[in-house]
Structure formats: C-alpha cells, structure tokens
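Visitor: Take this sequence and fold it.
(4 chains)
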2 protein chains.
Amino acid sequence: MAVERVERGEAGGDRDAEAVSRFVEAFAAQLVEAGMQRMPARVFAALLSSDEGAMTSAELGEQLRISPAAVSGAVRYLAQQHMVAREREPGSRRERYRVHSNQWYEAMTNRESMLKRWEDALREGVTSLGSRTPAGRRMAETLAFFEFVDGELVAMMERWRVHRAEVFGNR
Amino acid sequence: MAVERVERGEAGGDRDAEAVSRFVEAFAAQLVEAGMQRMPARVFAALLSSDEGAMTSAELGEQLRISPAAVSGAVRYLAQQHMVAREREPGSRRERYRVHSNQWYEAMTNRESMLKRWEDALREGVTSLGSRTPAGRRMAETLAFFEFVDGELVAMMERWRVHRAEVFGNR
DNA sequence: CGCTTCTTTCAGAAATTTGTGAAGTTAAGG
DNA sequence: CCTTAACTTCACAAATTTCTGAAAGAAGCG
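Guide: Residues are numbered from 1 along each chain as shown, chains lettered A, B, ... in the order given. Predicted coordinates for the structure are as follows:
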C-alpha cells in the first residue's frame, strides 16, 4: 500500500508539508536576520518552496497560519520590492502571487535605486561641506565607490543572464 | 565681512554645524530606509562627515544629542558590522571611533557571510524537497544565482582596489 | 591604592512595529 | 442590480524595539 498522502483542503498539496514548513521557517529566519520583516520573509519563502511557484492569498494564509490582512500587507511589500509578481487568474477575482526563478535578479536590479539615493545624499554632502575639506574628500571617495559598484552591478547582471542561459537554458 | 562661523563648545569644530547636521540626518535617513537602525545610522553618518573621520564618544553624544548609552550601543553594532574601527588614544581611556574611506569595501565584504548563510539554507531546502521537484529546481536555480554573485563580488572588490589606487592613490 | 574619567551594562519608560478582527471596497456571476 | 467572493483598509491590542538615567565596571594617574 502506498504511503498515505496528506491532503490539504482541496487543491493539490500532497508534498511533505513538514519538510516544506521547516524550510520556510529556516529560510525566512535568515531573511529576517538580514533586515526583512517577518511576514514578507515567510510569504516569500513559502512561494519559493511551492511547486507552482505561485500561491493564492488563501493558500498562503492557511499554510502560514496568518490572517488575510497579514497576507495582504506582506504581499504589498513584496510587490513594491519587485520580489513577487501579482497575477490575476482570468475570470476570477482570485489573485496569485508568483516568484519567478530569476526573481532575485529583479530584486537586486531594484536595489540600484537605493544606491542612487545614497549617491544623491553624498553628492549633496560633498557640495555643502566643500569638496576640498577632509570630510568632503572622504565623502567623495565613498561616492566614487558607490558609482563604481553601480556600474559593475549592471555588467554583473548581464553576465548572469548569459551564465544562466548556458546552465539552465532559456526558460 | 566674513560669514559668521558657528563655534561649538571647545574642541576645534568651527565648520558649518548646520550643514553638517543636515547631511548627517539626510544620509542617516537613507540608511534607515535601507534597514539600518536609527542610532547606528546617525553615528555612522556623523563620523563620515567629520573632518578627522573619527570622533570620541563624548563628541558623538554632544553632536547628535544622545546619551552615552546610545553611543555605546550604536558603536558596538557598527563595530560588529565592520563599519567603524575602534581606536584607543594611547595613554588615555578615551576611545575614538573611526571610519576609513574604504570602509564600505570592508562592510560589503562582510555581507558575503550573509550570502553564505542563505546558500546553506537553500541547499538544505533543495535536499529536503528533492532536486527533481519543481520547487527543488527553483531553489537550485536561486542557489546558483547566489553562488554566482558570490564569486563575482570577490572579483569586483579586487577591481575596485585597483581602480581606487589609480584614482585616489594608495593611502 | 584611591581618585577620576570614560565606557558599558541594566531596568524600565516611551515609542514604534506587528498582526488581528471587523468593516469597507471591488468586481464577477447570476 | 443584487449577491457573493476576494482583497484591502482601519483601529486597536500585543509584542518588540529603542533610548534613557543610574549604577557598575575598567583604566590611567597621582
């Protein structure tokens, strides 16, 4: 006889729910440690480890044992950060939240706008403190570092696209 | 007639305290937005915009209007993140906290340990969910991305060292 | 040694953040 | 249109974080 499969409500879920949950909480914990809020981290981890790579609000709420409100907040945050995509199932008011396998690429590209804001603040500082003061010079060098990193990141992401296509094929 | 300079208490500070403060709060705000705690962010910004590139605990407390306790906490955090160096003035129990102009290089290098932990969590997930499940494959690809980035960062930092030496000279 | 100066630790007050239930909004389907 | 399913917003309670004053802990200096 076959191993009993754990059925959840209706839709498909027949994987080792225990293992999934362990991964979700472990990975989310790492993200939290890196500064992400708890709920977005858990939701993201759950999506990442789902077979579809996408879940509905209800599924997320059920699996993570959180309220619809919490799902809503987490998902809004993740969408803003470009870490999930929202999809509307045609002919339904149910929404699905999806991670693409190169979602981190997206997110990291997005990080650049943050770098830009740092650069702006630094430029402002260099100007107002004077580029010939010691402090001004230090800030100018810091600024140069960010500008350098900025440029490098773009090139690096391009290399990743190539590398990825080689290893995983174009999907 | 010359613009009146704002004198602060005793030690040396005769720069435009107003401008410094504006920069400190603006830059700190950006750091906070990126996830850093408020006090560490303010302390770091203050150090970055100081002429010496270093300040004592008392100076930080005075400029930022915070208690010695707050300085202590912020500085401990920054030191852990390798974002400031602690110095002991010889023959004194006064400590100075310093940012080096390539401090971000340090900090970013440090970020790699975080990447490593993410990679560990993902490897664990791939193993426990099975590398041939859809979820497993997605996580494996995510893992590959991090490993790629990891390697690239090392190379990038090396290029920065060279670039920096060219533009700013070895200091 | 003991005084003095600086830093750290600690307990608690204050502020902020987080997650919930409940009401509100939007849009599909009869 | 009206109903109903799904998501969002809001007000509040609970938990957590943050900062402070006060006390304790080091370390130079006489």
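Visitor: For chain B, tell me whether the helix or strand of chain A with the lowest mean pLDDT is touching it.
Guide: Lowest by mean pLDDT, DSSP states H and E among the helices and strands of chain A is helix A:103-129, with a mean of 89. Yes: shown here: helix A:103-129 in contact with chain B (Cβ under 8 Å from any Cβ of the partner chain) through A:103-105, A:108, A:114, A:117-118, A:121-122, A:124-125, A:128-129. For glycine as for every other residue, the C-beta is placed from the backbone atoms N, C-alpha and C.
Visitor: So which other helices or strands are in contact with that helix?
Guide: Helix A:103-129 is packed against helix A:134-168, helix B:17-33, helix B:134-168, with contacts defined by 3 or more Cβ pairs under 8 Å, 6 or more residues apart in numbering or on different chains; DSSP states H and E.
Visitor: So the helix or strand following the shortest one, near chain A or not?
Guide: Scanning the chain past helix B:17-33 towards its C-terminal end, the next helix or strand to appear is helix B:38-48 (assignment: DSSP states H and E). Yes: counting by Cβ under 8 Å from any Cβ, chain A has neighbours in helix B:38-48: residue B:48.
Visitor: what comes into contact with helix B:38-48?
Guide: Defining contact as Cβ atoms under 8 Å, 6 or more residues apart in numbering or on different chains, one finds that helix B:38-48 is touched by A:135, A:138-139, A:142, B:20, B:23-25, B:27-29, B:31-32, B:36, B:53-55, B:60, B:63-64, B:66, B:70-71, B:73-75, B:77-78, B:81, B:83-84, B:97-99.
Visitor: Output that helix as PDB, restricted to C-alpha atoms.
Guide: Output of helix B:38-48 as PDB, limited to C-alpha atoms (Å, rounded to 0.1, in the frame of the first residue of the first chain):
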ATOM      1  CA  ARG B  38      18.500  54.800  13.600                       C
ATOM      2  CA  MET B  39      21.300  55.300  16.000                       C
ATOM      3  CA  PRO B  40      23.900  53.400  14.200                       C
ATOM      4  CA  ALA B  41      22.900  55.200  11.000                       C
ATOM      5  CA  ARG B  42      23.300  58.600  12.600                       C
ATOM      6  CA  VAL B  43      26.600  57.800  14.300                       C
ATOM      7  CA  PHE B  44      28.000  56.400  11.000                       C
ATOM      8  CA  ALA B  45      26.900  59.500   9.100                       C
ATOM      9  CA  ALA B  46      28.400  61.800  11.700                       C
ATOM     10  CA  LEU B  47      31.700  60.000  11.500                       C
ATOM     11  CA  LEU B  48      31.600  60.100   7.700                       C
END
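Visitor: Surely residue A:83 is in a strand?
Guide: No: assignment of residue A:83 by DSSP: H, G, I helix; E, B strand; the rest coil gives coil, placing it outside any strand.
Visitor: Could you double-check that it sits in contact with residue A:100?
Guide: No: judged on Cβ atoms under 8 Å, residue A:83 makes no contact with residue A:100 at a distance of 9.9 Å.
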